[in-house]
Structures are given as C-alpha cells and as structure tokens.
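S.K.: this one's structure only:
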Ligand code: F6P
C-alpha cells in the first residue's frame with residue numbers, strides 16, 4: 001500500500017470554515033445566491049444529485065475538493081480499478097466492478113498468487129447463470145417430482161442476503177416476479193418455520209448463498225432446508241432442488257450440491273459488494289435476466305462516470321465529500337436515507353451493511369487510531385412511512401440528521417396522482433428541514449386562528465422548527481434495473497471515497513469476528529447440564545437464567 005498523505009492541513013481548513021459564525025445558515029446561502037441550486041447540483045444521465053440544501057458554500061466546496069486531491073483520491077481510485085490490493089488487512093483486491101464489466105474489459109485482480117483476468121472470469125460465470133435462469137424459466141430444469149420451480153429460496157445472510165433481497169423488491173414489486181423469491185437469513189428457527197409454511201417443496205429451488213460457505217447461520221438454515229425437502233420428497237430429491245453461490249467450492253461439494261448448479265466467484269468480491277456476482281442469481285430468477293443485466297449495465301455506467309468525471313461533477317465523490325463535511329466538520333454523526341419509493345424499502349437495510357460494515361472503523365491503515373470520526377449511524381425507511389415515525393426527531397431533535405432523499409419521477413403504476421402526492425411529500429420534507437418555522441411565524445399563525453395569548457405562549461415554542469437542517473436529493477426518471485445498478489454503484493463508490501479520506505480499510509470487517517467466536521463458546525453452554533464456561537458475571541447469570549426459564553438447569 002502506498003503511504004497515506006498527511007491531511008492535517010486540509011482537515012484544519014475545513015474546521016476553520018465550519019467555525020465561521022454563519023457556517024450552518026443554509027437559508028442565508030440560498031438568499032445570497034439565486035443560482036445556488038444549480039451550482040450545488042451535479043448530474044449523470046437522468047440522475048440529478050442536488051446537494052444545495054447543505055451548509056456548503058463555494059469556499060467549502062473548494063476546500064473539500066482540495067481534501068480529495070490531497071488525499072490522492074486519483075491514485076486510490078486508479079489502484080482500485082487496476083485490481084491492486086486495496087484491502088491490505090486481508091491481502092485482497094476489491095474488484096466487484098469486474099462483475100458488471102464486459103468480458104473484454106480486461107480488468108485484472110492482482111491476487112496473492114498471481115494476476116487474474118477478472119472481467120473474463122466474471123463474464124464466463126455470468127453466462128452459466130444466464131443459461132441456468134433460462135432453463136429454470138423454460139421449465140427445462142425441474143424439481144424431483146417433475147414439477148416446474150415456482151419459488152426460489154435464497155439462504156444467506158449479510159451480503160449474501162441484503163443485496164439480492166433489496167434488488168428483488170426493487171425490480172419485482174411493481175409488476176410481480178417471474179418466480180417468487182423468498183429469503184432466509186436469520187438463524188432464528190421462527191424465520192424458517194414461517195417460510196416453510198408458505199412454500200411447496202416440490203416447486204422450490206433452494207440456493208445456499210455464502211461467500212465462505214462456513215457462516216453458522218447459513219449452514220444451519222441450509223441443513224434445515226435440506227431436511228425439510230428430504231422429509232417431503234425423499235433424500236434422492238435433494239440434488240435437483242439445491243444450488244450454491246460461493247467462493248468455497250470444496251465446502252459446496254462436501255455439502256453435496258451438484259456442480260452444474262454451483263456458481264462461483266472469487267475472494268476479490270466482498271460480501272457487501274456481491275449482488276453483481278452469482279449472489280445476484282435470485283434477482284435474475286425473480287425479476288428476469290434482462291433487468292438483472294440492466295442492473296449490471298447501470299453499475300458499469302456509474303463506474304465509468306466515477307473513473308472519468310472531474311471531482312467537481314463526480315457524483316460518488318461529491319456524495320462522499322458532503323458526507324465528510326457533515327460528519328467531520330459539522331460533527332453530525334447520524335445519517336438518514338429516505339427513498340420515496342416502496343420498491344426501495346430494503347435499500348436502507350442494504351446501505352446499513354454497505355456503509356457501516358465498510359467504514360465503521362476506528363483504526364487507520366497505518367495501525368494508529370483514526371484522526372477523524374468515521375461512519376455515521378445510518379438508518380432509514382421508505383417515505384412517506386418515515387414521516388409518521390421518526391421524522392419528528394429529524395425535524396426537531398437536538399441534533400440535525402443529514403438526510404438523503406431518493407425519488408424517481410415516473411412511477412411504474414398507473415396512478416399518477418398518487419405519485420405526485422408521494423413526490424410532493426419528498427420535496428416538502430426537504431424544504432421543511434431547510435426552511436423551518438420561526439417563533440414569529442408560529443405565533444402569527446396561531447393568532448390568525450383566534451387562539452388565546454395564554455395558549456400561544458404555552459404551545460408556540462413547541463411548534464417552532466429551527467430549519468437549516470441538511471439534506472441531499474437524488475432524483476432520476478424511473479426505477480428500472482439500470483437505474484438501480486447506477487444507484488447501488490454510486491453508494492459503493494461513495495463509501496470507498498470516504499474510506500480513503502479517513503485512511504481506513506473499507507473492505508475488511510474484522511469487527512464482526514469477536515461475537516462469532518464468543519457465540520461458538522456459548523452455544524454448548526446453553527445445552528442442558530453443560531458447564532456455563534468462563535464469562536463475566538452478567539453473561540454467566542443470563543446463561544443460567546436462560547436455562548432455568550427453559551427448565552433445563
Ligand atoms: O458477518 C459478516 C459477514 O462476514 C459479511 O461481511 C458477509 O456478507 C456475511 O457475513 C455473510 O458471509 P458469507 O457470505 O460468507 O456467508
């Protein structure tokens with residue numbers, strides 16, 4: 001890995017700009033510059049990114065772009081796309097872009113053992129997936145009883161679940177699926193019980209999706225599904241109904257999945273970046289190959305935009321810079337994503353892993369504590385639902401919460417009025433966050449309604465909105481596979497850019513390990529009569545209480 005350039009001066013410049021008395025007065029920025037919305041927006045194709053409702057002025061933007069240049073973003077981006085090891089703590093490249101590139105793109109992933117033709121390999125596996133999808137849809141591949149498959153059950157967790165689950169919703173909710181997709185992630189047996197009730201084993205294709213093929217939850221659920229299928233159709237039926245999506249082909253073979261239903265990828269695909277890989281197979285099965293291919297094309301288009309566009313118009317770079325401004329200069333440590341689109345209802349959950357597993361780090365690449373705060377806590381729900389739950393806090397809570405509003409201009413249904421109402425709400429929320437409502441306005445309004453002075457004095461302060469609360473808006477024509485791919489890749493690159501600015505490894509996830517190891521030690525301790533093991537007092541007490549409550553002391 002190259003040396004990280006010193007960024008103290010760049011961060012200090014941002015802190016100085018943030019300390020100016022009027023630094024957070026976004027309304028004043030609009031009042032001073034009629035061209036502000038245009039100057040603080042950027043577009044790629046039909047996708048507009050409006051970041052004008054942030055406390056960013058011309059000087060701030062220059063300082064943020066300087067930070068990007070001084071952090072050698074150019075160099076990191078080039079090394080990412082060249083397939084160099086950008087994940088040094090795991091010694092891996094991050095070449096998910098090869099999965100959406102053309103076969104002849106010539107992308108390479110420099111692996112510890114040599115150099116690989118990433119885009120060619122990815123395209124070959126894509127062809128195998130395409131053929132499989134065609135055969136399932138055509139009824140050429142059937143279950144053991146001769147019935148066609150009408151359901152795909154994806155068993156996976158984290159990146160082997162969140163991406164495909166989100167994309168299936170996005171691409172099938174409006175028009176219905178080619179085949180039903182179900183997702184089993186949680187090891188909680190209630191999840192499988194609920195799914196098993198709703199599925200017909202004779203018509204169910206089970207895909208075990210696990211990059212490592214060792215994840216406890218997934219392997220536990222895969223065994224449960226196999227037992228369920230064997231109980232219904234007989235042990236010999238299992239092979240026709242099971243497929244696997246993994247990098248660990250040996251473990252897949254040991255599980256007994258037939259090779260023609262195994263789809264592989266390499267360790268240069270991180271779990272949270274794997275929806276483009278065979279992990280996306282349930283998307284292609286549920287939505288159809290064309291929307292899936294369009295999603296890959298949209299991702300590839302965003303890659304080109306990210307690679308070729310100057311930082312000042314580069315959407316992933318700008319999205320990241322606005323993020324670090326809010327987090328590091330203004331000290332806003334939460335982030336809300338509101339897609340005004342029911343089809344994107346799983347998008348915040350997907351982003352939670354992408355952003356927080358990637359950038360939820362406190363150690364810099366050089367092994368020292370990070371110099372800056374890193375990933376904010378991210379949450380979200382679809383609009384307008386969110387307005388009737390947590391938006392109270394976003395409007396009037398003690399700390400501003402930067403919001404990303406996401407909206408398609410054209411719906412995929414035939415009720416234009418409903419879509420206008422939806423869109424009006426998205427715009428109104430962002431406007432309300434910016435504009436706020438002063439004490440004088442509130443009092444005048446209450447007086448006009450004939451309220452008494454006593455009521456006004458008591459209630460008016462509670463009806464005041466400070467305004468000047470930051471938000472971004474991402475607006476595009478319609479949500480199809482292409483637009484979805486573009487949106488996902490936009491956030492992927494945003495996360496990478498932020499990681500480079502914070503000088504952390506965005507592609508590892510060591511923080512998930514400790515809990516896994518400790519669970520491995522506690523599982524046997526929960527069995528009747530087992531020794532509790534050595535734990536802190538609270539954990540030991542809870543283990544004892546758990547067993548008592550189950551009558552298993
Ligand atoms: O626990 C976190 C994690 O390692 C994620 O990074 C990953 O997406 C998920 O588990 C599932 O891993 P696998 O695909 O190997 O089962």
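M.R.: Arrived safely, thanks for sending. In this text, all values refer to a predicted model and were calculated from it rather than measured experimentally. Numbers count the residues shown, from 1 in each chain.

S.K.: who's in contact with whatever residue of the stretch 251-400 of the chain ends up closest to the ligand?
M.R.: Of all residues in the stretch 251-400 of the chain, residue 271 sits closest to the ligand, at 2.5 Å by C-beta to the nearest ligand atom. Heads up, the C-betas are built off the backbone N, CA and C, glycines and all. Contact analysis of residue 271 by C-beta atoms under 8 Å, 6 or more residues apart in numbering lists 158-160, 211, 509.

S.K.: From those residues, which shows the smallest pLDDT?
M.R.: Ranked by pLDDT, these bottom out at residue 211, which has 95.

S.K.: one step back: excluding its backbone neighbours, what's nearest the residue of the stretch 251-400 of the chain closest to the ligand?
M.R.: residue 159 (2.9 Å; C-beta to C-beta, 6 or more residues apart in numbering).

S.K.: now swap in residue 324 and tell me
M.R.: Nearest residue to residue 324 in three dimensions, chain neighbours excluded: residue 501, at 5.5 Å (C-beta to C-beta, 6+ apart).

S.K.: Quick check: the one you found vs residue 73, distance?
M.R.: The gap separating residue 501 from residue 73 is 8 Å, by C-beta to C-beta, to the nearest Å.

S.K.: okay, those two: which has more neighbours?
M.R.: For residue 501 versus residue 73, neighbours defined as other C-beta atoms under 10 Å are more numerous around residue 501 (27 against 21).

S.K.: and that one, helix, strand or coil?
M.R.: Secondary structure, DSSP: H, G, I helix; E, B strand; the rest coil: residue 501 is helix.

S.K.: Could you verify my assumption that it touches residue 322?
M.R.: No: counting by C-beta atoms under 8 Å, residue 501 does not reach residue 322; the two are 11.9 Å apart.

S.K.: burial of residue 3, as a residue count?
M.R.: If we define neighbours as other C-beta under 10 Å, then residue 3 has 8 of them.

S.K.: In three-state terms, label it for me.
M.R.: coil.

S.K.: got the contact list for the closest residue to residue 292 other than its chain neighbours?
M.R.: Of all residues not flanking residue 292 in the chain, residue 284 sits nearest, at 3.8 Å (C-beta to C-beta, 6+ apart). Residues in contact with residue 284, defined by C-beta under 8 Å, 6+ apart, are 129-130, 133, 292.

S.K.: Quick check: of the residues you listed, which lies closest to residue 98?
M.R.: Within the contacts of residue 284, the smallest distance to residue 98 is 14.9 Å, found for residue 129 (C-beta to C-beta).

S.K.: quick one: buried residues of whatever helix or strand that closest one lives in?
M.R.: Assigned by DSSP states H and E, residue 129 belongs to helix 118-138. For helix 118-138, the neighbour count (16 or more other C-beta atoms under 10 Å) marks 118-123, 125-126, 129, 132-133, 136-137 as buried.

S.K.: I figured residue 532 hits residue 525, correct?
M.R.: Yes: Residue 532 lies in contact with residue 525 (C-beta under 8 Å); the separation is 5.2 Å.

S.K.: Who has more neighbours out of these two?
M.R.: Shown here are residue 532 and residue 525; by other C-beta under 10 Å, residue 525 has more neighbours (18 against 14).

S.K.: wait, isn't that one in contact with residue 539?
M.R.: No: the pair residue 525 / residue 539 is not scored as a contact, 9.5 Å apart, by C-beta under 8 Å.

S.K.: What is the burial count for the residue of the stretch 1-150 of the chain found nearest the ligand?
M.R.: The ligand sits closest to residue 90 of the stretch 1-150 of the chain, with a gap of 11.0 Å, by C-beta to the nearest ligand atom. Counted by other C-beta under 10 Å, the residues lying close to residue 90 total 15.

S.K.: Now do the contacts for the nearest residue to it once chain neighbours are set aside.
M.R.: In space, and not counting its chain neighbours, residue 90 is closest to residue 508: 5.2 Å by C-beta to C-beta, 6+ apart. Residues in contact with residue 508 (C-beta under 8 Å, 6+ apart) are 87, 89-90.

S.K.: Residue 298 versus residue 138, what's the distance?
M.R.: Residue 138 is 26 Å from residue 298, where distance means C-beta to C-beta.

S.K.: Kindly report the same for residue 409.
M.R.: 17 Å.

S.K.: Neighbour count: these two, which is higher?
M.R.: Shown here are residue 409 and residue 298; by other C-beta under 10 Å, residue 298 has more neighbours (24 against 13).

S.K.: list residues touching both of residue 532 and residue 525?
M.R.: residue 543.

S.K.: related to what we said a few turns ago, confirm that the residue nearest to residue 90 sits in a strand.
M.R.: No: according to three-state DSSP, the state of residue 508 is coil, so it is not within a strand.

S.K.: Please report phi then psi for it.
M.R.: Phi and psi for residue 508, reported as degrees, to the nearest 10, are phi -100, psi 180.

S.K.: still on that earlier bit, redo the buried residues of helix 118-138 as JSON lines? Include distance to residue 337 and pLDDT.
M.R.: Formatted as JSON lines, the buried residues of helix 118-138 follow (distance: C-beta to C-beta, whole Å; pLDDT from 0 to 100):
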{"residue": "118", "distance to residue 337": "30", "pLDDT": "90"}
{"residue": "119", "distance to residue 337": "31", "pLDDT": "90"}
{"residue": "120", "distance to residue 337": "35", "pLDDT": "90"}
{"residue": "121", "distance to residue 337": "33", "pLDDT": "90"}
{"residue": "122", "distance to residue 337": "28", "pLDDT": "93"}
{"residue": "123", "distance to residue 337": "32", "pLDDT": "94"}
{"residue": "125", "distance to residue 337": "31", "pLDDT": "96"}
{"residue": "126", "distance to residue 337": "29", "pLDDT": "97"}
{"residue": "129", "distance to residue 337": "29", "pLDDT": "98"}
{"residue": "132", "distance to residue 337": "33", "pLDDT": "98"}
{"residue": "133", "distance to residue 337": "30", "pLDDT": "98"}
{"residue": "136", "distance to residue 337": "33", "pLDDT": "98"}
{"residue": "137", "distance to residue 337": "33", "pLDDT": "98"}
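
S.K.: Those residues into TSV, with extra columns for distance to residue 436?
M.R.: Formatted as TSV, the buried residues of helix 118-138 follow (distance: C-beta to C-beta, whole Å):
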residue	distance to residue 436
118	49
119	50
120	55
121	53
122	49
123	52
125	52
126	50
129	50
132	54
133	51
136	54
137	53
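
S.K.: Work out the gap between the host helix or strand of the residue nearest to residue 292 and the centre of the chain.
M.R.: Assigned by DSSP H and E, residue 284 falls within helix 281-287. Relative to the chain's own centre, helix 281-287 is displaced by 18 Å; criterion: C-alpha atoms, centre = their mean, to the nearest Å.

S.K.: Could you do stretch 433-440 as well?
M.R.: With C-alpha atoms, centre = their mean, you get 32 Å for stretch 433-440.

S.K.: how about the nearest residue to the closest residue to the ligand within the stretch 401-550 of the chain, chain neighbours excluded?
M.R.: Here the residue of the stretch 401-550 of the chain nearest the ligand is residue 512; by C-beta to the nearest ligand atom that distance is 3.8 Å. Leaving aside its chain neighbours, residue 512 sits nearest to residue 357 (7.2 Å; criterion: C-beta to C-beta, 6+ apart).

S.K.: ditto for residue 164
M.R.: residue 282 (4.8 Å).

S.K.: Measure how buried the one you found is and give me the count.
M.R.: Neighbour count for residue 282, taken as other C-beta under 10 Å: 30.

S.K.: list the contacts for it?
M.R.: 152, 154, 164, 168, 181, 183, 207, 209.

S.K.: still on that earlier bit, if we check the ligand, which of the buried residues of helix 118-138 are in contact?
M.R.: By C-beta under 6 Å from any ligand atom, no member of the buried residues of helix 118-138 lies near the ligand.

S.K.: about what we covered before: does the helix holding residue 284 come close to the ligand?
M.R.: No: Helix 281-287 does not reach the ligand (C-beta under 6 Å from any ligand atom); its nearest approach is 13.4 Å.
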